[in-house]
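> structure for this input, please:
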Amino acid sequence: MNAARVRAGNGRVGQTMLAMGLLAALGIGVVHAQSITGGLYGKEPGGSKVTLEVTSATTGYHRELHPDSNGRYTVAGLNPGKYTVTASQDGATVGTRTITVNANVQTAVPALSSAEVSAAASNNAANLSAIHVNGTALDTNVIPIDVSTPEFSSNYNMHVVNQLPTGRGPESVALLSSRVRYDNQTTGLIQMGGASPAENRYYYNEFDSTYDYQGLGATYLPAEAISSVQALSSNAGVSWTSTTGGNISSTVRQGSNRFQAGYSLYFTPGTSWFNPRSRDSRTSRGDYYAFNSSNTHSANVTNQYLWASGALVKDKLFFFAMLGNSPANTSQGNSQTQQTDTAVRDKNGLLNLTWNIDNDQSLNVVGNRDWKNTFNNQYVLTRDYDPSSKGAYYGWTSSQVKNQFLIGNYHWQINDDMSLRLMGGYLSQSSLSPTSTSGTGLPFVHEIDPVTRVTRNIGLTTTSNQLYPFAYWRRGFKGDFTWNLGDHKITIGGEHYKHFINNVTTTTEGGDWTYHNEPGTILPNGSPAPADGRYVDRYYISTGGPFYTVNKAFYIDDYWQASDRWIVYAGLRDDTFINKNINGQNFWHLPLLSPRLGLSWDVYGDSSMKIGANAGKYTIPIPSSVNNGAAGAVTQWNRYYTYTGRDPTTQAPTGLTQIGPQSTLINGQAPSAANVATSNIKAPYQYEFQVYVQKTLGNSWSSMAELGYSSLKRAIEDTCYTQGITDYAQAHGYPNYEDSSGCPMINPGIAQVFMRDYNGDGKLEPLTVPGNVFGPAPTRKYVHLTLELTHTQNSEEPYYLDLSYTWAHLYGNYDGLLNLGTRTNGGPSEQILWDFPGLMEHSSGNLAGDVRHSLKLNGVYYFSNGLRVGSTFDLSTGTPQNCLGTYPDIDNPAELYGAASHYCDNVPAPLGTAGRSPLFWQLNLGVGYDWAINESNHLSLDLQVQNITNRQGRIDSAQRYDTGGFQDDGQPILEPSYGAPTWQVPRTTMLIARYTFR
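Prediction:
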């Protein structure tokens, strides 16, 4: 083979390598999961006789590598960007490769074949230096194959995300895959791996920013500052913070030697054809269930950003800086009795510094501050649901929220076989002295229509709570050491996170009042209502305070290169979760060991086909809202009064006479650790299994098939079934004991040890109560099959396409930390499920997130004149619906919760058997134009329309069948809103302009 033939074949080789995602099954990399740096690995047929140089013009990086006797080599700690790998043998250059390194990713360097190396050695080196295998197309797609690890993830560069008509936050990016479900019924967040939205973890530059007060979402950085996103829906390695859901990791943009600057503008048209109003929803009586058709918003600059990046010191110190600003975004919302004008302003600043100390050490520090101000003006509607009847000024509310981030990452490649990685991070969120006309202690007043049962606000304030400052902070540290020992890569590491919450809530000093007209009613305190049925109920609650939570872990894993094509992974993670009460005392200390196993097989030895498998045990920390709810000093009571009149201004009752005693639910004393949780309570966990196949198909096509299964084995929830503890204690040697411990935390379905003073002598003693006293054991099983087909953009086929389909079945009696079946979104791990055994009768079936079929199609077509068209299409079958009614036995404590049991019309209605929501589909369309004004100036314009057809299908229905009351004949009083629909979000449009100077 002569040099000319080598050059002529280069295009074919390059195209093949593009289709393979620039990955070769030739060795093992040393890049870690959720790292802000990337790495290269490969194998050269010349073995140890070959010398390799890795260089980057954008950062000044230069490193010389010497493969081992098998030709394998690795290099880690590389900042994202393009790198050139030059292979030399006997003083002559035999080839170069240009590779794009991405954060979190190990990228294989394609090797020349033995024949090509021999040809190169016999020809002129100057000619052979023209051999280039270029991987820049990888920038625009998910990496299809990485055989260096059994871990399976999807990696997205924000460049292509910006060209798709979809959201840009980490959850919107994850939703591009059919494996991920959008919970548009309860939380507005996502489900991954069949878990509830409260079980996902979120990362920025390796720092876990999950909002661990409630476990829902995260403290976010601006999407404009993100370069790439990695998503794992399940089966992560031990170096990730343990979770029973999925992981989403984002990496902040960095600077380089090349100076760049830009401006981005995101503009939303006002309420019009481009952004129409949502549909109203009505009850069976014709009353409004949701009133949306009169809500409007003005044309707004949603966000605008000014950014710059470059080198402060060439080849050494780089920066990325960004200023963001959202001018007043104004909108108007209408309810039954009020109109609210809202203005939201936001500004933020971010700076990311990268210091390449030398070729072996790098330090990255990113800081961000965000200030968000919200102001609401409220007006009275003189006619219900009629915005044209806008009347007197009602009041105002104002809030200021400040978020702060500081994250540092250090990487040291000690030598060819050892590396060290350290991370430290801090974030805080504070609500700075919220103010309101309600904050002065005005009464909060409602009345209930005796016929329609509709609750109407008739007072001067829309909130029942006093306003207090809110504070939340989270800090974390992580470090690990990696050592390559022959065919083994062993990592030992640990992490420590601590977070603090101070959230105080009390009802307003003026009182929370509700007027009733219910003749013949027996009040909850046991007293009869007045003969005319007219009385007023005053409700009071005080919760919250300062709380700390600590989550820490140690882990060790080993990647074993068992043979040239096989990699075996084994890891062990030791988590410890510590939650503290309001006095700073531990009310539980939960350790758990989690083993993980994985296997990666490069079937043909050329990265064209990979078979992977994973199995592991996973746990999750319990959010500190449990501290607030179960371990705080809570006061909660109701008082009932007759009244002689109403204040003409505030509508508060006057001439009060109390009816019977105060009904005290919680007495205001901080519970002891023994009352907060059982003494043998253990951390939750589940098992996960996965097997998958990835295959390149040529011509930039790749495919994937994945089969996964998970099974929840243990959970933590609270129970309020003190009668069950009392009955069991009295039957087992303590006949005079009456339990009054409130709602302790337990492991449902498992025998629990309750420490109580059973003899009344001041001494705590253990008593083991069988798990079935409180109801069945929790179950959640999830099985899914995903098929995916991907095409990467190349010069001959200028389009990107990703088609994925998932069949799944999610079933059991437990959605997870968050209960989705009742659409109530209560506190994680403090759902009503095991409060009383009757609530768990007929509770097994298809869970709320059981979407059997999901299809996602994403694509962009690039025309030669700069025009591009992008689209995303989402098609999925409906979710199970429930009929929730009141437990049909007034003597059972489950009856106290009203329509929360699996009974309808007094007969069983098992979970998920009230039909399904209809088929869901949505088409999003975007048109963009890229204009290279000259070599240094670039302008792009995008018009992105979500739900372009303005389809507003039904996505959910109200689940509660009755009001919680019964008629004289024992039949439940029907809830008029049962079955009332919730509609799909209508068309939304955004115009985006981006200017870049290079």
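
> what pairs with the longest strand seen in the chain, parallel or antiparallel?
With DSSP state E setting the assignment, residue counts place strand 534-561 as the longest strand in the chain. With DSSP bridges as the test, strand 534-561 is paired with strand 488-506 (antiparallel), strand 512-517 (antiparallel), strand 566-580 (antiparallel), strand 635-642 (antiparallel).

> can you dump the C-alpha coordinates of the first one into PDB?
Going back to what we said before, that points to strand 488-506. The C-alpha trace of strand 488-506 is given here as PDB (Å, rounded to 0.1, in the frame of the first residue of the first chain):
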ATOM      1  CA  HIS A 488      -6.800  -3.400  37.400                       C
ATOM      2  CA  LYS A 489      -7.800   0.200  38.000                       C
ATOM      3  CA  ILE A 490      -8.700   0.600  41.700                       C
ATOM      4  CA  THR A 491     -10.400   3.700  43.100                       C
ATOM      5  CA  ILE A 492     -10.800   4.500  46.800                       C
ATOM      6  CA  GLY A 493     -12.800   7.500  47.800                       C
ATOM      7  CA  GLY A 494     -15.400   9.200  50.000                       C
ATOM      8  CA  GLU A 495     -17.800  12.100  50.200                       C
ATOM      9  CA  HIS A 496     -19.400  14.100  53.000                       C
ATOM     10  CA  TYR A 497     -22.500  16.400  52.600                       C
ATOM     11  CA  LYS A 498     -24.200  18.400  55.200                       C
ATOM     12  CA  HIS A 499     -27.100  20.700  54.800                       C
ATOM     13  CA  PHE A 500     -29.100  23.100  57.000                       C
ATOM     14  CA  ILE A 501     -32.700  24.300  56.800                       C
ATOM     15  CA  ASN A 502     -34.500  27.000  58.800                       C
ATOM     16  CA  ASN A 503     -38.100  27.100  57.800                       C
ATOM     17  CA  VAL A 504     -40.700  28.400  60.300                       C
ATOM     18  CA  THR A 505     -44.400  28.400  59.500                       C
ATOM     19  CA  THR A 506     -47.200  29.600  61.600                       C
END
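
> pLDDT below threshold where in the stretch 301-450 of the chain?
Low-confidence segments of the stretch 301-450 of the chain, defined by pLDDT under 70: 433-440.

> tell me which residues in the longest strand of the chain are buried?
For strand 534-561, the neighbour count (16 or more other Cβ atoms under 10 Å) marks 535-557, 559-561 as buried. Every residue, glycine included, has its C-beta placed from N, CA and C.

> among the strands paired with strand 534-561, which comes closest to S153?
Between S153 and the strands paired with strand 534-561, the tightest spacing by Cβ to Cβ is seen for strand 566-580, at 13.9 Å.

> now for the strands paired with strand 534-561, which one comes closest to A899?
When these are compared by Cβ to Cβ, strand 512-517 sits nearest A899, at 18.4 Å.

> quick one: average pLDDT of that closest one?
Averaging pLDDT along strand 512-517 gives 94.

> same question, stretch 41-54
79.

> quick one, what contacts the closest residue to Y685 other than its chain neighbours?
Leaving aside its sequence neighbours, Y685 sits nearest to T619 (Cβ to Cβ, 6 or more residues apart in numbering; 4.5 Å). Residues counted as contacts of T619 (Cβ atoms under 8 Å, 6 or more residues apart in numbering) are S242, T244, D575, F577, L592, S594, A683, P684, Y685, Q686.

> surely the third one touches S242?
Yes. Counting by Cβ atoms under 8 Å, D575 sits close enough to S242 to count as a contact (5.2 Å).

> now for these two: what residues contact both?
Taking Cβ under 8 Å, 6+ apart as the contact rule, D575 and S242 both touch A553, S594, T619, P621.

> quick check: bridge partners of the closest residue to S326 other than its chain neighbours?
The shortest distance from S326 to any non-neighbouring residue, by Cβ to Cβ, 6+ apart, is to D346 (4.0 Å). Beta-bridge pairing of D346 under DSSP bridges involves S326, K372.

> contacting residues for D346?
Shown in contact with D346 (Cβ under 8 Å, 6+ apart): N303, G324, N325, S326, D370, W371, K372, N373.

> I'd like these as TSV, with distance to L833 and neighbour count appended.
Below are the contacts of D346 laid out as TSV (distance: Cβ to Cβ, whole Å; neighbours: other Cβ atoms under 10 Å):
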residue	distance to L833	neighbour count
N303	40	23
G324	42	20
N325	45	14
S326	40	19
D370	37	20
W371	40	15
K372	35	16
N373	39	17
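
> which of the three states applies to G310?
Assigned with DSSP: H, G, I helix; E, B strand; the rest coil, G310 falls in the strand class.

> tell me which residues touch the nearest residue to it once chain neighbours are set aside, please.
Distances taken as Cβ to Cβ, 6+ apart place F259 nearest to G310, at 3.6 Å, with adjacent residues excluded. By Cβ under 8 Å, 6+ apart, the contact set of F259 is A308, S309, G310, A311, R998.

> and for K682?
Here K682 is in contact with L590, L592, R714, N747, I750 (Cβ under 8 Å, 6+ apart).

> if you set the cut-off to 6 Å instead, what comes out?
Contact partners of K682, counting by Cβ atoms under 6 Å, 6 or more residues apart in numbering, are N747.

> from P591, how far off is it?
Using Cβ to Cβ, to the nearest Å, we find K682 at a distance of 9 Å from P591.

> and the gap between the closest residue to G953 other than its chain neighbours and L593?
Nearest non-adjacent residue to G953, counting by Cβ to Cβ, 6+ apart: Q984, 4.9 Å away. Using Cβ to Cβ, Q984 is found at 45 Å from L593.

> please apply the same query to Y861.
The gap separating Y861 from L593 is 50 Å, by Cβ to Cβ.

> what do you get for Y728?
Distance, Y728 to L593, by Cβ to Cβ: 31 Å.

> which one's more surrounded, those two?
Y728 (18 against 12; other Cβ atoms under 10 Å).

> so that one is in contact with T768, correct?
No. Counting by Cβ atoms under 6 Å, Y728 stays clear of T768, with 9.3 Å between them.

> residue boundaries of the helices in the stretch 551-700 of the chain?
In the stretch 551-700 of the chain, the segments counted as helices under DSSP state H, counting those that start in this stretch are 625-630, 673-676.

> same thing with the stretch 51-200 of the chain?
Secondary structure of the stretch 51-200 of the chain, counting by DSSP H, counting those that start in this stretch: helices at 114-121, 125-128, 158-161, 170-174.

> mean pLDDT for those: which is lowest?
Note on the helices of the stretch 51-200 of the chain: helix 125-128 shows the lowest mean pLDDT, a mean of 38.

> list of residues touching stretch 709-722?
Residues contacting stretch 709-722 (Cβ under 6 Å, 6+ apart): 194, 622, 684-689, 739, 741, 743, 745-748, 774, 778, 780-783, 829-830, 834-836.

> done for today, thanks.
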